[in-house]
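> Show me how the following folds:
(2 chains)
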There are 2 protein chains.
Amino acid sequence: MHVLIIGGGGMIGRKLSDRLARDGRIKGREIARLTLHDVVEPAAPAGAPFATDTAVSDLSVPGAAEALVADRPDVVIHLASVVSGEAEADFEKGYRVNLDGTRQLFEAIRAIDGYTPRLVFTSSVAAFGGPYPEDAIPDDFILTPFTSYGTQKAICELLLTDYTRRGAFDGIGIRLPTICVRPGKPNKAASGFFSGIIREPLIGMEALLPVSDDLRHFHASPRSAVGFLVHAAGIDGEAVGPRRNLTMPGVSVTVGEQIEALRRVAGEKAVSLIRREPDPTVLSIIGSWPRDFATRRADALGFTAEADFDAIIRAHIEDELGGTIAV
Amino acid sequence: MHVLIIGGGGMIGRKLSDRLARDGRIKGREIARLTLHDVVEPAAPAGAPFATDTAVSDLSVPGAAEALVADRPDVVIHLASVVSGEAEADFEKGYRVNLDGTRQLFEAIRAIDGYTPRLVFTSSVAAFGGPYPEDAIPDDFILTPFTSYGTQKAICELLLTDYTRRGAFDGIGIRLPTICVRPGKPNKAASGFFSGIIREPLIGMEALLPVSDDLRHFHASPRSAVGFLVHAAGIDGEAVGPRRNLTMPGVSVTVGEQIEALRRVAGEKAVSLIRREPDPTVLSIIGSWPRDFATRRADALGFTAEADFDAIIRAHIEDELGGTIAV
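Down below sits the predicted model:
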């Protein structure tokens, strides 16, 4: 089986190719070849039992999508995206990459006679917008995004369903929760603190908390995100039915509950490194984000996330810190 | 005020321009000029108190949208669309006209500095797909269309909201119920019988009924559809809020209730002209259509439809038959 990962050079893409290199197969089917694509040369996973090649291009440039699927990969995992902040700052670029690039990919696949690969598309809970129901957001809740990024994701979900219905490919769209704990350095994303207040204290660094402890949000670990992608790559399309986009499971916790989990897993000293510095700008952005989802369809289809936030922290310690805490 | 109607040559467009010619204004603002656009020369309304000009072009051809909005019409009403059956039969044409044409219109408006017209977009309840809730479909129900036409409408709704949020224009999308009683000759649309079983008997002609009497569907008259458009053209955008697309009110009735209404309004002889001829193909298409909507948002914003199906039949008799029944 030939797997193509578009946008494979990012954090999730690297973890996904490492996982594929370890597993060597998806749902029992052996991987014979992996193609990693990105706008800059992506790193091939170490020790893979299959051949890995790389492709460098801008998916939104005419002809790029056609070149990527010319070899008819059996599974296409589409991770490439301009992030939320950039899609908001640069309207044209967001639509060109996130919408037109994806549509060109869908068209390139549709154009090949008798070729209907599994296509996994990464959408986001940013495709939702308030007002939300009092309880967890159900699977049949309307998508009314508050950002251009969310709009582009919601549009691609609709295209994915229609192209699948028309037989162009066998598409599965997965709406990712906020990824936490995101590895790496602190960044300026409004959501950065959700990871920062865990990641930084675990390496003995101070972390700023710009919102109040009662703010609730919905998280899944990078490890779970990779698990969602692998499961989506191998799932039976018939079982999914005509609604091809699924909100992925996650852990709904308040910031206070995140901190309590940190206390349980890493102790009081780690917690003492969190410094509260309220930032009304951050709160005004985050305050409109969804807080909880009831992911019955994804659960029934076998997608699984961590059971609680403690497990999310432990996964980070195992996957990023070699199993040990510095504080 | 300058009003532009794109796709103004169709049934709804003609009725809308007649209504504007009678009223001479929208929500108190005098109409100084009306531009009617379509792919073939549209007919100007008779006796209008304002100047009417016409434009003929294919909205999906590059440059067509720019030409239409170059004069900065204050209100743009976008009715142009490839119909459901054609969008299903011709995948490329449906996306080119219904999606790309609309996006080019949105882009043409966005490109003009300091120009933020009211834009009214006609979406459709075809943007929904099952499974539906047991009760009426609420305003926050997910859009999972079963057709390419419905997909294109749902995508344009998302674009309309984002372009409005970004200040490109002040958009309102209205999801039209099935229009009934549709004037004119019988056609081959799967939904044609909903109108046919009323329209044909009222002129003494036989009509075929391909489904069972208990099939429920959601209707609004052409007169109501025109009312929705006029109301949307004049409504306060602030009052609508960030969710810019609204399911329009209508009348939810079974085919049996339609026939009872015909009996009350036109008598037994009209009803006797309905011939039952079950057609499994029609039923398989119509069976997946939505049956009822709870249109609380549109109701609260002052959109109104007929109170019952009797009123829909009476509106047809007044507007199409000069107030008299032939049977």
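
> What helices and strands are in contact with the worst-scoring helix or strand of chain A on mean pLDDT?
Counting by mean pLDDT, DSSP states H and E, the weakest-scoring helix or strand in chain A turns out to be helix A:280-286, with a mean of 86. Using 3 or more CB pairs under 8 Å, 6 or more residues apart in numbering or on different chains; DSSP states H and E as the contact test, no helix or strand touches helix A:280-286. Glycine gets a C-beta too; all of them are placed from N, C-alpha and C.

> Alpha carbons of that helix, as CSV, please.
This file holds the C-alpha atoms of helix A:280-286, laid out as CSV (Å, rounded to 0.1, in the frame of the first residue of the first chain):
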residue,chain,number,x,y,z
PRO,A,280,-8.6,40.4,28.0
THR,A,281,-7.6,40.1,24.3
VAL,A,282,-6.9,36.4,24.7
LEU,A,283,-10.1,35.9,26.7
SER,A,284,-12.2,37.7,24.0
ILE,A,285,-10.9,35.2,21.4
ILE,A,286,-11.0,32.0,23.5
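
> avg pLDDT for the very next helix or strand once past that helix?
Beyond helix A:280-286 on the C-terminal side, the first helix or strand identified by DSSP states H and E is helix A:296-300. Per-region confidence: helix A:296-300 scores 98 on mean pLDDT.

> now helix A:296-300, how far from the chain's geometric center?
Averaged C-alpha coordinates place helix A:296-300 at 17 Å from its chain's average position (CA atoms, centre = their mean, to the nearest Å).

> Packing partners of that helix?
Looks like helix A:296-300 contacts strand A:245-247 (3+ CB pairs under 8 Å, 6+ apart).

> helices and strands around the strand it packs on, which ones?
Short answer (3+ CB pairs under 8 Å, 6+ apart): strand A:245-247 packs on helix A:148-165, strand A:170-176, helix A:296-300.

> Try it again at 6 Å.
strand A:170-176 (3 or more CB pairs under 6 Å, 6 or more residues apart in numbering or on different chains; DSSP states H and E).

> And the contacts of the helix or strand where A:Asp310 lies?
A:Asp310 belongs to helix A:309-320 when elements are defined using DSSP H and E. Residues outside helix A:309-320 that contact it (CB atoms under 6 Å, 6 or more residues apart in numbering or on different chains) are A:181, A:183, A:198, A:221, A:223, A:251, A:253, A:258, A:261, A:264-265, A:306.

> repeat for stretch A:234-245
Contacts for stretch A:234-245 (CB under 6 Å, 6+ apart): A:26-27, A:157, A:160-161, A:164, A:170-173, B:144.

> Any idea how far the least confident helix or strand of chain A is from the middle of the chain?
On CA atoms, centre = their mean, the centre of helix A:280-286 falls 22 Å from the chain's centre.

> Would you indicate which residues of that helix are buried?
For helix A:280-286, burial by neighbour count (16 or more other CB atoms under 10 Å in any protein chain shown) applies to A:282, A:285-286.

> Dihedrals phi and psi, A:Leu99?
The phi/psi pair for A:Leu99 (degrees, to the nearest 10) reads phi -100, psi -60.

> for chain A, which spans come out with low pLDDT?
Nowhere does chain A drop to pLDDT under 70.

> Which residues of it lie near chain B?
Contact residues (CB under 6 Å from any CB of the partner chain) of chain A with chain B: A:140, A:142, A:144, A:148, A:151, A:154-155, A:158, A:162, A:243.

> Quick one: those as CSV, columns for neighbour count too.
As requested, the residues of chain A next to chain B are exported to CSV (neighbours: other CB atoms under 10 Å in any protein chain shown):
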residue, neighbour count
A:Asp140, 17
A:Ile142, 16
A:Thr144, 22
A:Ser148, 26
A:Thr151, 30
A:Ala154, 29
A:Ile155, 27
A:Leu158, 26
A:Asp162, 26
A:Arg243, 17
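
> which one of those is nearest A:Ala80?
Of all the residues of chain A next to chain B, A:Ala80 sits closest to A:Ile155, with 15.4 Å by CB to CB.

> Verify the stated contact: the closest one with B:Glu157.
No. A:Ile155 is beyond contact range of B:Glu157, at 9.8 Å (criterion: CB atoms under 6 Å).

> any idea which helix or strand carries the residue of the stretch 201-327 of chain A found nearest chain B?
Nearest residue of the stretch 201-327 of chain A to chain B (CB to the nearest CB) works out as A:Arg243 at 5.2 Å. Counting by DSSP H and E, there is no helix or strand that carries A:Arg243.

> And for A:Thr122?
Assigned by DSSP H and E, A:Thr122 falls in strand A:118-124.

> which residue ranges form the strands in the stretch 101-250 of chain A?
A:118-124, A:170-176, A:178-179, A:207-209, A:216-220, A:245-247 (DSSP state E, counting those that start in this stretch).

> Compare the ones you listed and give me the one nearest A:Asn98.
That would be, of those and by CB to CB, strand A:118-124, which comes in at 10.4 Å.

> who touches that closest one?
A:75-79, A:153, A:157, A:160, A:169-173, A:175-176, A:229, A:232-233.

> quick one on the thing from earlier: kindly reformat the contacts of stretch A:234-245 as a markdown table containing distance to A:Arg297.
Putting the contacts of stretch A:234-245 into a markdown table (distance: CB to CB, whole Å) gives the following:
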| residue | distance to A:Arg297 |
| --- | --- |
| A:Ile26 | 21 |
| A:Lys27 | 19 |
| A:Glu157 | 14 |
| A:Leu160 | 15 |
| A:Thr161 | 14 |
| A:Thr164 | 16 |
| A:Asp170 | 17 |
| A:Gly171 | 15 |
| A:Ile172 | 12 |
| A:Gly173 | 12 |
| B:Thr144 | 12 |
